[in-house]
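K.L.:
need a 3D model of the sequence below.
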Amino acid sequence: MKQFLLLFRGRDTDPQASPEEMQAQMQKWFTWIGGLAEEKKYVTGNPLEDSGKTVSGTRKVVTDGPFAEGKEMLGGYILIKVENYDEAVAIANNCPILDSDTGSVEVREVRVIPDP
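P.N.:
Model prediction:
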């Protein structure tokens, strides 16, 4: 089994959505992740706050976020354990963030570093 990181960018609900609409969308996330957990494919994950800081360069310059346009903002992640990229992409295809044209899922395999 390999580990893959699914990175969620953008939003899946309109910021003007009603509390009921937001709750319905959250339920989709709970159901999706719950299904992955039942299949023993879910490892961990969390949403991310909209703000943060970036440290860059040799001078270690610190700047405040947000870091990109709303559709590019990193909103959260989950780590899954599956056989290959095809399976990871198939899981990503069912992600609730894709209910919106402004959401995307980046699928990245976790590189294994051998013990020294």
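
K.L.:
drop to CA atoms for contacts and neighbour counts, all remaining ones
P.N.:
Noted.

K.L.:
how many residues are close by Gly103?
P.N.:
21 (other C-alpha atoms under 10 Å).

K.L.:
mind starting the numbering at 39 from now?
P.N.:
OK, 39 is where the count begins now, so the last one is Gly141.

K.L.:
separation between the residue nearest to it when sequence neighbours are not counted and Glu144?
P.N.:
Once flanking residues are discounted, Gly141 sits nearest to Gly48: 4.5 Å by C-alpha to C-alpha, 6 or more residues apart in numbering. Distance, Gly48 to Glu144, by C-alpha to C-alpha, to the nearest Å: 11 Å.

K.L.:
pLDDT below threshold where in the protein?
P.N.:
Along the chain, the parts satisfying pLDDT under 70 run over 104-110.

K.L.:
quick one on the thing from earlier: neighbour-wise, which of Gly48 and Glu144 wins?
P.N.:
Counted by other C-alpha under 10 Å, Gly48 and Glu144 do not tie: Gly48 has more neighbours, with 22 against 14.

K.L.:
quick one: the residue nearest to Gly141 and Gly113 touch, right?
P.N.:
Yes - assessed by C-alpha atoms under 8 Å, Gly48 is found in contact with Gly113 at 6.6 Å.

K.L.:
for Asp137, which residues are in contact?
P.N.:
Asp50 (C-alpha atoms under 8 Å, 6 or more residues apart in numbering).

K.L.:
now it. Its backbone dihedrals?
P.N.:
Here is the backbone geometry of Asp137 (degrees, to the nearest 10): phi -70, psi -10.

K.L.:
neighbouring contacts of the longest helix that the chain contains?
P.N.:
Counting by DSSP state H, the longest helix found in the chain is helix 57-76. With C-alpha under 8 Å, 6+ apart as the test, helix 57-76 has contacts from Asp50, Thr51, Tyr80, Val81, Asn132, Cys133, Pro134.

K.L.:
buried only: go through the residues you listed for me.
P.N.:
Asp50, Thr51, Tyr80, Cys133, Pro134 (16 or more other C-alpha atoms under 10 Å).

K.L.:
closest to Pro152 out of those residues?
P.N.:
Nearest to Pro152 out of these is Tyr80 (C-alpha to C-alpha; 23.1 Å).
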